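1. one predicted model, sequence on top.
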Amino acid sequence: MMNENESPSIQHPGSTGSIDLSGSTIRSQLLWASLFPLAFFVLLTTLVTYSTLNQLMLNLVIQRNTAQVQIAAGSLVQNFASGRTPTASELNSQLQLLDPVSGSQLYVVDDQGKPVASSVTGLTGLPLNIFELQQIISSQEPVSQLAESTAARDKVVVSFAPIPGEKKGVIIIEPWAANISPAYYYQLILVGLLVLGTALSLGMLSLSIGRVIRPIAILAENATKAVPGSIFHPVPERGPKEVRKLINAFNQMVIHLAEQQSVLRQYAHKALLSQEEERQRLSLELHDGTLQDLVGLAQRVELCGNELDRDPQLARVRLDEIQKLLVRTIGDVRRISNALRPPVLEDFGLAVALDILCKDLEAEKPNLQCEYAVLGTAQRLQPDIELAVYRVVQEALANIRKHVKNVTIVQVELMFGETEIQATVKNNGAVFANQDVRSFVRSGHLGLAGMYERARLFGGTLNLTTDPHQNTVVSLRLPIS
């Protein structure tokens with residue numbers, strides 16, 4: 001868990017909210033996207049069901065009326081066998097015996113389609129198109145089909161059967177609406193069930209979408225509150241597996257960023273202290289070294305002036321002492337100047353500057369051998385990149401000088417590539433434990449932390465490893481344009 005000063009704050013909100021996505025919410029977009037196929041499915045199902053029911057009902061009515069008209073034709077054979085045409089009352093009686101469907105009409109027609117007798121009083125013609133009627137009669141076979149009524153302007157089921165032995169036939173006309181009307185009720189029930197099912201599907205979909213977007217909405221609201229320096233409360237991992245994975249990644253990201261901010265604050269604080277310490281060191285070095293030499297130089301000049309006339313030989317000795325003091329003071333000033341900004345780097349380039357660092361290390365430690373190699377074609381790079389590489393190698397050699405007591409061989413390698421430059425510093429002294437930059441900052445190794453930060457600043461990498469021969473290896477890689 002992190003300190004209160006180190007992490008961004010994410011408070012767990014109570015409201016569910018929604019995520020605005022191009023002017024509409026995810027819920028509305030998904031519901032609209034689901035509504036169209038569901039509505040199309042309902043419409044298609046209704047049409048298919050309506051068509052299927054109509055066709056099924058028509059087939060049943062045709063089978064029933066065909067059988068009924070055949071029975072009617074067979075029962076009228078005896079009436080015509082006597083040589084007399086049955087009256088309308090006799091046909092009505094016969095129709096009632098057949099128990100026809102309510103609203104149907106029974107006709108006896110000749111081979112031209114003219115009514116001979118009818119169950120309808122005063123009827124002079126059939127309510128059918130004469131061409132359709134003649135087409136039905138011409139087959140002289142029991143047949144039923146759906147036709148258009150010329151009287152009612154509606155569909156009717158026309159059934160015909162010839163009377164055996166007579167050039168006449170029986171026709172039953174039944175309104176189609178009388179048969180299909182019960183199916184309308186069931187169709188309405190079906191449509192209602194489909195609409196209800198669609199509404200329930202959309203409701204369940206809305207609830208499912210809510211389970212998905214509610215954690216995302218909480219995550220989005222908390223992300224807007226993730227400001228540096230506030231308290232971090234991890235977002236509860238809820239919802240489907242993918243959403244829980246996203247929330248976990250967000251929590252880890254915020255924690256990682258908070259740790260980086262903490263490290264940067266510590267680094268900035270320690271760098272400020274180190275800067276003040278460096279200023280104090282320079283001040284003491286100038287005061288105790290260069291300033292004292294200048295004071296001594298001034299005193300000797302004064303003594304030399306007093307003794308020029310009295311003792312020329314002693315004055316010459318004083319001049320020799322003044323010269324030595326001047327040489328030492330110049331060396332100190334040059335050393336301090338080179339430490340602050342090496343002029344050899346700007347004048348001769350990185351390869352020569354690193355060679356001088358290696359020679360200075362050998363001169364300071366006579367028992368140490370520093371091997372220096374340049375691979376590739378040496379070239380001048382951007383000044384900030386050259387300075388970054390120089391400072392990293394300088395800090396690595398300074399760490400060897402200060403902390404590695406048993407080192408005997410140091411190898412420095414500078415490689416110029418087409419797209420990157422690599423600097424490697426290897427020593428056979430004590431192995432330096434692998435650590436990350438945060439542990440360097442916390443333990444006070446600002447030099448190592450600064451090396452890492454320089455590498456990151458220029459998009460490069462710095463690795464501190466140990467090779468199979470137990471040598472500590474510092475490797476820097478920086479991209480070059």
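-> Nice, I can see it. Numbering: from 1, shown residues only.
2. in three-state terms, label residue 146 for me.
-> Following DSSP: H, G, I helix; E, B strand; the rest coil, residue 146 is assigned to strand.
3. go on, residue 221?
-> helix.
4. what's the spacing between it and residue 385?
-> To residue 385, residue 221 is 43 Å away according to C-beta to C-beta, to the nearest Å. The C-beta positions use only the backbone N, C-alpha and C, and glycine is treated the same way.
5. and if you look at residue 407?
-> 28 Å.
6. any idea how the chain splits into domains?
-> Using automatic domain parsing, the domain ranges for the chain come out as 45-183, 241-320, 348-479.
7. what average pLDDT does the shortest one get?
-> The predicted model gives domain 241-320 an average pLDDT of 74.
8. give me the phi and psi for the most far-flung residue of the chain relative to its centre.
-> Distance from the centre of the chain peaks at residue 310, with 93.6 Å (C-alpha atoms, centre = their mean). Main-chain torsions, residue 310, degrees, to the nearest 10: phi -80, psi -40.
9. would you mind measuring from it to residue 318?
-> Taken as C-beta to C-beta, the span from residue 310 to residue 318 is 12 Å.
10. to residue 211, which of the domains of the chain lies closest?
-> Using C-beta to C-beta as the measure, domain 241-320 is the one of the domains of the chain that comes nearest residue 211, at 8.8 Å.
11. quick revisit: can I get the domains of the chain in TSV with distance to residue 37?
-> Output for these, formatted as TSV (distance: least, C-beta to C-beta, whole Å):
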stretch	distance to residue 37
domain 45-183	12
domain 241-320	23
domain 348-479	50
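12. quick one on the thing from earlier: how much space separates the residue farthest from the centre of the chain from residue 300?
-> Residue 310 is 15 Å from residue 300, by C-beta to C-beta.
13. helices along the stretch 301-450 of the chain, start to end?
-> 312-340, 343-348, 350-364, 383-403, 437-442, 446-457 (DSSP state H, counting those that start in this stretch).
14. so which of those is nearest residue 105?
-> Judging these by C-beta to C-beta, what sits closest to residue 105 is helix 446-457, at 98.6 Å.
15. with just CA atoms, put that closest one into PDB.
-> Listed next in PDB are the C-alpha coordinates belonging to helix 446-457 (Å, rounded to 0.1, in the frame of the first residue of the first chain):
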ATOM      1  CA  LEU A 446      22.100   9.200  -6.900                       C
ATOM      2  CA  GLY A 447      24.900   8.600  -9.300                       C
ATOM      3  CA  LEU A 448      23.500   5.300 -10.500                       C
ATOM      4  CA  ALA A 449      19.900   6.800 -10.500                       C
ATOM      5  CA  GLY A 450      21.200   9.700 -12.600                       C
ATOM      6  CA  MET A 451      22.800   7.200 -15.000                       C
ATOM      7  CA  TYR A 452      19.400   5.500 -15.500                       C
ATOM      8  CA  GLU A 453      17.600   8.800 -15.900                       C
ATOM      9  CA  ARG A 454      20.000  10.000 -18.500                       C
ATOM     10  CA  ALA A 455      19.500   6.800 -20.500                       C
ATOM     11  CA  ARG A 456      15.700   7.200 -20.200                       C
ATOM     12  CA  LEU A 457      15.800  10.900 -21.100                       C
END
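16. so what's the closest residue to residue 465 other than its chain neighbours up against?
-> Nearest non-adjacent residue to residue 465, counting by C-beta to C-beta, 6 or more residues apart in numbering: residue 473, 5.2 Å away. Taking C-beta atoms under 8 Å, 6 or more residues apart in numbering, we find residue 473 in contact with 424-426, 463-467.
17. as CSV, those residues with distance to residue 58 would be great.
-> Rendered in CSV, the data for the contacts of residue 473 read as follows (distance: C-beta to C-beta, whole Å):
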residue, distance to residue 58
424, 92
425, 96
426, 96
463, 85
464, 89
465, 88
466, 91
467, 92
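18. using ChimeraX, define a selection of the buried residues within those.
-> Paste this into ChimeraX to select the buried members of the contacts of residue 473, with burial taken from 16 or more other C-beta atoms under 10 Å:
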select :424,425,426,464
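19. the contacts of residue 473 in strands, which ones?
-> Counting by DSSP state E, the part of the contacts of residue 473 found in strands is 424-426, 463-466.
20. and those, which is closest to residue 187?
-> Set against residue 187, the nearest of the ones in strands among the contacts of residue 473 by C-beta to C-beta is residue 463 (76.9 Å).
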